[in-house]
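[1] 3D model of this:
(one chain, ligands or ions: 3)
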Amino acid sequence: MMRCRKCGQRAVINMRHHRLALCEEHYLEWFIAQTQRAIEKYRMFRREHRILVAVSGGKDSLSLWDVLLQLGYEADGLYIGLGIDGGIGYSDVSLEKVRAFHERHPERTLHIVDMKETYGESIPDLARRTRRGRGKPCAVCGLVKRHIMNRVALEGGYFALATGHNLDDEAAVLFQNVLHWQTGYLARQAPVLEEGGGLARKVKPFCRFYEREVAAYALMRGIDYIYDECPYAVGAKTIYYKELLNQLELKSPGSKHQFYLQFLEARRRGLITFAGGQENVDLHPCERCGQPTTAPGLCAFCRLWEGQADGAAVQLL
Ligand code: SF4
Ligand SMILES: [Zn+2]
Ligand SMILES: [Zn+2]
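    Ligands and ions are numbered 1, 2, ... in the order given. Down below sits the predicted model:
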């Protein structure tokens, strides 16, 4: 039997990369303390700041909201109703999970932006109508989510927008960006993106946790979340990269952790600098919605609705 390093009781989780086995009580304590350490290490936000957590109904975002509340932060939630069914009622079920979580924290605000109600079209509708959306709606969906998250964060006067990205997510994106030497993306892949030019500050407090660590936290805390991925995620490149990295991790535990954290460390020491990072982009306000854009005139989001006539005017950032 494996024993908890803190108390000697039966351990419920063993983290080989940390050489650390813990019982349930001490795991929860460790997980919450590690989140606080990441918040401080990367200077994400402080006690007096109000935070907006983007919640999808999945384990990562709901666990993040839970941990921030346990740490005593003023954290509100934002749920975006994408209108995706996929035969499993994906959006309906995820909203139910978010609402159920919020019922336990009625003192906090849950912002809900429903695509159909607010803009008249769900993500699949929008993707069908616009050229870029044909086949998979992910490009349109990503654009719409970024726009709405930024709008709500700024309008609500939040200090930062927090997302539940974990180490597996970040390592997969890093792998993809390195494989294609996407230097612009690499420059912006960080636990904190500073606010500026009309863009909200973005933070990822879970970026050092393995996915299974977050799942273990959600399970132990009794957080009910949607198990299914979005039906459109099937076959996504990042899922393939996650599988590759999982194979690597199996052979060499801790490699994902090293891959991502040493990238961050190299950046911190100034060993990786790229032109075309966030600060170099020339942003100005969109003529219609006022959100920052690099395009002349309308931002990519507003152009989604402009293109309604011929469906050809849609161009994404
Ligand atoms: S997988 Fe689903 S939620 Fe994710 S970007 Fe694609 S459509 Fe949107
Ligand atoms: Zn213990
Ligand atoms: Zn706009």
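[2] Show the residue spans covered by the helices in the stretch 151-300 of the chain.
    Counting by DSSP state H, counting those that start in this stretch, the stretch 151-300 of the chain has helices at residues 167-179, 183-188, 211-220, 237-251, 255-268, 300-306.
[3] in the shortest one, what counts as buried?
    It stands for helix 183-188. Within helix 183-188, the residues that count as buried by 16 or more other CB atoms under 10 Å are 183, 185-188. The way it works is simple: take the backbone N, C-alpha and C, and place the C-beta from them, glycine included.
[4] Please apply the same query to stretch 42-61.
    Neighbour-count burial for stretch 42-61 flags 42, 44-45, 50-61 (criterion: 16+ other CB under 10 Å).
[5] low-confidence ranges in the chain?
    Low-confidence segments of the chain (pLDDT under 70): 131-135, 274-281, 307-317.
[6] hmm, 90 instead?
    Residue ranges of the chain with pLDDT under 90: 1, 16-17, 128-136, 182-188, 197, 234-238, 267-283, 294-296, 305-317.
[7] domain parsing for it?
    Domain segmentation of the chain under automatic domain parsing yields 35-281, 285-317.
[8] got a list of contacts for stretch 226-239?
    Contact with stretch 226-239 is made by 56-58, 82, 84, 86-88, 90, 93-94, 97, 136-138, 141, 169, 172-173, 176, as judged by CB atoms under 8 Å, 6 or more residues apart in numbering.
[9] Pull out the buried positions in it.
    Under 16+ other CB under 10 Å, the buried positions of stretch 226-239 are 226, 230, 232.
[10] What are the buried residues along stretch 198-211?
    With burial defined by 16+ other CB under 10 Å, the residues of stretch 198-211 counted as buried are 199-211.
[11] what's the burial count for Met1?
    If you count neighbours by other CB atoms under 10 Å, Met1 ends up with 5.
[12] hang on, isn't Val203 packed against Ala162?
    Yes: between Val203 and Ala162 there is a contact at 5.1 Å, judged by CB atoms under 8 Å.
[13] Between those two, which contacts overlap?
    Common neighbours of Val203 and Ala162, counting by CB under 8 Å, 6+ apart, are 44, 51.
[14] just checking, Lys6 touches Glu24?
    No: counting by CB under 8 Å, Lys6 sits too far from Glu24 to count as a contact (11.3 Å).
[15] Not counting sequence-adjacent ones, nearest residue to the residue in the stretch 151-300 of the chain positioned nearest to ligand 2?
    Using CB to the ion, the point where the stretch 151-300 of the chain gets nearest to ligand 2 is Met220, with a distance of 12.4 Å. Excluding its sequence neighbours, the residue lying closest to Met220 (CB to CB, 6 or more residues apart in numbering) is Glu24, at 5.4 Å.
[16] List phi and psi for Tyr119.
    Phi and psi for Tyr119, reported as degrees, to the nearest 10, are phi -120, psi 0.
[17] ok, and what's touching the strand ranked longest in the chain?
    In the chain, assigned by DSSP state E, the strand with the most residues is strand 74-81. Contact with strand 74-81 is made by 49-57, 65, 68-69, 91, 94-95, 98, 101-102, 108-117, 144-145, 148-149, 152-153, 156, 158, 161-162, as judged by CB under 8 Å, 6+ apart.
[18] let's go with 6 Å and repeat that
    For strand 74-81, contacts defined as CB atoms under 6 Å, 6 or more residues apart in numbering pick out 50-55, 65, 68-69, 91, 98, 108-115, 145, 148, 152.
[19] from the domains of the chain, which stretch is densest packed?
    domain 35-281 (a mean of 18; mean count of other CB atoms under 10 Å).
[20] what about it and ligand 1, touching?
    Yes: applying CB under 6 Å from any ligand atom, one finds domain 35-281 in contact with ligand 1 at 123, 137-138, 141-142, 230, 232-233.
[21] Now the longest strand of the chain - C-alpha only, PDB.
    The C-alpha trace of strand 74-81 is given here as PDB (Å, rounded to 0.1, in the frame of the first residue of the first chain):
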ATOM      1  CA  GLU A  74     -13.900  37.300  -5.800                       C
ATOM      2  CA  ALA A  75     -14.400  35.100  -8.800                       C
ATOM      3  CA  ASP A  76     -17.500  35.200 -11.100                       C
ATOM      4  CA  GLY A  77     -18.300  32.800 -13.900                       C
ATOM      5  CA  LEU A  78     -19.000  33.300 -17.600                       C
ATOM      6  CA  TYR A  79     -20.800  30.600 -19.600                       C
ATOM      7  CA  ILE A  80     -21.200  30.900 -23.400                       C
ATOM      8  CA  GLY A  81     -24.100  29.000 -24.800                       C
END
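[22] any idea how far that strand is from the chain center?
    Distance, stretch centre to chain centre, for strand 74-81: 12 Å (CA atoms, centre = their mean, to the nearest Å).
[23] With stretch 160-175 instead?
    So, by CA atoms, centre = their mean, the centroid of stretch 160-175 is 6 Å from its chain's centroid.
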